[in-house]
Each structure stands twice: as C-alpha cells, then as structure tokens.
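>>> Please work out how this folds:
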Amino acid sequence: MKFSSLYAFLVLCCICSPLFPSIAQSQVVADTPIWRSSINTQSRQIIISGQEDNFTLSLCILSEKPSLLRISFVPNNKIKNITFVNFTIGKQIFTLTKQLNQNNVIEFEVTLSTSQLKTFIHDFTSTEKATITIDHKEIPISLIGTSSLVATLLERLNTHPIPKLAPPFGKTSSENLPSLSNTNNKTTSYSQLLYGMGGIFFLLLFGRPLFKLLSRIHRYRKKSYGVKKAYKIASNEIEQHAKTLYIKRDQLLYKDDYGSLVQEKWIQEANRFLRTKIKPLLSENQVLDYYPLIQNKILKKVLYIAKYPPNKQRAFFTNRKKTKLKYSPTMPPLEYEEYCAELLRQAGWNADVTTASGDQGADIIASKKKIMLIIQCKLYSKPVSNKAVQEVNAAKFFYHAHYAAVVSNANYTTSARQLASSTKVTLLHHENLQKFANTLV
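From the prediction side, this is the model:
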C-alpha cells in the first residue's frame, strides 16, 4: 500500500512538472551546441555560458550587483604564467585579469558596467564570432545561436521577472527581443512538456516493475533482519538454561532392555522448552512470526548444548567459533570427530558431533539447504572394515538422512568397499571431505 501511494505520487509529479516550472531554484532556459542560459531564482542571477575544449566563457548578471565576465581555463603550462587575457566582441575589447585558482581551474574576470553590459549583449547577439587573445595568440569562439538564446531568456523574464537586474534584462519589452519566429519563442515550453511526458512514459513503462522490485527487496531485508534477531534472542535464552537442559537430558535418556537408547521423552522435553520459554520470549519481542524459520535450527542447538556438562558449556559459548583443530594421527578419536565437523562447518554446513553412546552409528550429523549427511569417523592405523559401513548405513535410515559416509585417515578393506558400493555409502579420506560435501548441494 505504501509503495502504491508513492508510485501514484511520482506519476502526479511528472504530470504537473510542466505546469509549475518556477518551483525549481535553478533552471536551464535554452541551450545550443556551445551556449547555454540558465536562471537561478534563489540567488536571483542569470548565467550565459559557452564551453569549448579548453575553456569556458561565462557572463553572470546579478540582481543589484555589477555583472561579471569570466573565462575559466583548464590548467596547462602555457596559461599558468599568463596574468591577463583580452576578449574582443564587435568593437569592444575587455581585459580580464587573473584570479585565485579555484577547483583546479585558472580564472580571469572583469566587471561590466550597465552600459557595457547593454553593448555586450547587442554585439553578442548580432555578430557571428568573438576572439580571446592570449599572449598575442587569438582563439576564436562561435556566437552562432546566441540571438535565439538571449531571445528565449528575455521572453522567460517577461513572464517570470527577477527584480533589479541591469538592462536589457531588468525591463524587457518587445523592442529588446531579437526577431524570432513563434516556434523559437515557445521552445522552452515545448521542452518542459516533452520532459514531463517522457517522465510519465518512463513511470508507466518501468514504474510498477521497479517498485515491485524495491518492495521485494524491502521485504527480504526485513525478513532477514527478523530471522537474525529471533535466532539471537533464542540463542541467549538457551545459554541461560544450558545447565538445566543438561540435567534434564541426563534424567530422561535411558537404555531399554535391548541396549537401545530411548530419547523420546528428552525430545518431548526439548520441544516443551521451545514452546514454553522460547516462543513467549519471541512474542514479547514481536518476532514470533519468524519462529517457524528458526525452529529446527534452535531445536538442534538445544539438543547439542545439552550434551555438554556445565563445566564445558561456557567454553562452548565463548570459544566454539574460534576453535581450529589441526589433524594429528595421535589425536583422540573424539577430537578427530570434532576436526571433521569443523571441516564441514568451514564448507558452510551445520555440523554437530553426537554423544559417545547412543548415536546409532552417527558420529556427525550435518545439514545444509535441507540436505542431511550422516558421517562416521574412524581414526585408525589399519584399514577400516565393513562394520563401519553397516553402522553408518543404519544411522542413515534411523535419522532419515539423504547421504551417509565413512571418513577416516586410513584405507578401507575390500569387503568395506564392496558393501559401500551396494549400500551407496561413500568412503572418504578426511582431506576429501569438504570437496565431497560441496558436491551434495
């Protein structure tokens, strides 16, 4: 709704822009390939300027102030040591003296009296060229089109006068205007109308898709910010209750008569924690709408955090992101599992190391873009047998994962390779783990 209103407002502005030209503070009234005239209503001045390759000539007519004739040069070695230049137009010769350098240009200026300005404009509109003399070298500048330029400017001042300008701009009449056809006199109005129509056409053609794109970007950024805020709030709450979660997990997990780990009650407790603690907190902070987007992620975090005893939880929250394990054939098996999990995290996966017992053959549970990968890690000094393949394949079905792999520093037996081929379990060296993981998404 907000973007639709803005779209309608801009279309209305384009429609009305030709009708209110005086709103702008500075406007170009008319221009030719070389010359341009503009009016600044705020500073109450008129500027007529012509530009060639190496210099710009400007005539500035100010309200209640003397007019200025200025020539600006691009700095070069030839002009750097010159102290004055001459400007010849008709029978008049003006000597312009050098001013302080500003904005990397070299400027020469002269002040024109009221009578000099009137004669200057007469010659400016009635001759075909003027001359700039620099160190006895003459540089011609074309005045073709200046008659139409000044006529359009005077016509504009008739309808939108600026008070206390020097003649012929202060009091304009039909006598001051060079003879022009009606078409030339209406050039400015037609230009403004064409600009307005062009703006309307652009908005009608591209306005709606453009605002739809901006609206989509706005919604995406709002959603991304909301998800990050909700996850941060939930993570802080999990950290506050990490010790209690560890105790609850220890109380609710047990093995049945067959030696299998029963964790249904613990999973129910974890979900109850999310329902009674996390959701009310998100609602209080007005980010409950983002809960479905982070539910699985924070549930995994609860299950992962609760595996650590209280004396290790603080180290988890403060140092987990900074942990960078290095492989060693003599490292403990649990550290090897964490090392492999770290390799997956570096590749952009969410990787969690399971508990030492009751993992159903899964040492690492990793996920990325709704793809789940189960890994069993074997730090061996001898070839890995087919038992590891059997266990990780069972874990794949238990966790409803998409892929399963055995990662080891050692080689694999022939029977392990045969069983892996038939069960579609991948056998890897840990150096190939990241490359393999990147092929899955």
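
>>> Bridge partners for residue 366, pull those for me.
Note on residue 366: beta-bridge partners by DSSP bridges are residue 351, residue 373.

>>> Report pLDDT for it.
pLDDT for residue 366: 94.

>>> Report how many residues lie close to it.
Counted with other CB atoms under 10 Å, the neighbours of residue 366 add up to 25. Placement of C-beta: from N, CA and C, glycine included.

>>> shouldn't it be in contact with residue 373?
Yes: with contact defined as CB atoms under 8 Å, residue 366 reaches residue 373; the gap is 4.4 Å.

>>> Can you check which residues contact both of those two?
Counting by CB atoms under 8 Å, 6 or more residues apart in numbering, the common neighbours of residue 366 and residue 373 are 344, 349, 437.

>>> Nearest residue to the first one in space, please, no chain neighbours.
Okay, so that is residue 344. residue 351 (3.9 Å; CB to CB, 6 or more residues apart in numbering).

>>> Which of the shared contacts of residue 366 and residue 373 fall in helices?
344, 437 (DSSP state H).

>>> how about the helices in the stretch 201-350 of the chain?
All helices of the stretch 201-350 of the chain, identified by DSSP state H, counting those that start in this stretch, fall at 208-240, 242-252, 264-273, 279-284, 291-305, 310-319, 333-346.

>>> In CSV, list the ones you listed along with distance to residue 408 and mean pLDDT.
Below are those laid out as CSV (distance: least, CB to CB, whole Å; pLDDT from 0 to 100):
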stretch, distance to residue 408, mean pLDDT
helix 208-240, 33, 88
helix 242-252, 30, 84
helix 264-273, 30, 90
helix 279-284, 42, 91
helix 291-305, 24, 88
helix 310-319, 26, 51
helix 333-346, 9, 92
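
>>> I'd like those written out as JSON lines, with distance to residue 383 and mean neighbour count added.
Formatted as JSON lines, those follow (distance: least, CB to CB, whole Å; neighbours: other CB atoms under 10 Å):
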{"stretch": "helix 208-240", "distance to residue 383": "41", "mean neighbour count": "14"}
{"stretch": "helix 242-252", "distance to residue 383": "36", "mean neighbour count": "16"}
{"stretch": "helix 264-273", "distance to residue 383": "37", "mean neighbour count": "15"}
{"stretch": "helix 279-284", "distance to residue 383": "50", "mean neighbour count": "15"}
{"stretch": "helix 291-305", "distance to residue 383": "32", "mean neighbour count": "17"}
{"stretch": "helix 310-319", "distance to residue 383": "34", "mean neighbour count": "12"}
{"stretch": "helix 333-346", "distance to residue 383": "17", "mean neighbour count": "19"}
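
>>> Dump those to CSV, plus distance to residue 34.
Formatted as CSV, the helices of the stretch 201-350 of the chain follow (distance: least, CB to CB, whole Å):
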stretch, distance to residue 34
helix 208-240, 36
helix 242-252, 77
helix 264-273, 78
helix 279-284, 67
helix 291-305, 62
helix 310-319, 70
helix 333-346, 63
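
>>> wait, which of those helices is closest to residue 73?
Closest approach to residue 73 among the helices of the stretch 201-350 of the chain is made by helix 208-240 (42.6 Å; CB to CB).

>>> residues near the residue nearest to residue 344, how many?
Counted with other CB under 10 Å, the neighbours of residue 351 add up to 23.

>>> hang on, it packs against residue 364?
Yes: Residue 351 sits in contact with residue 364 when judged by CB under 8 Å, with a separation of 5.6 Å.
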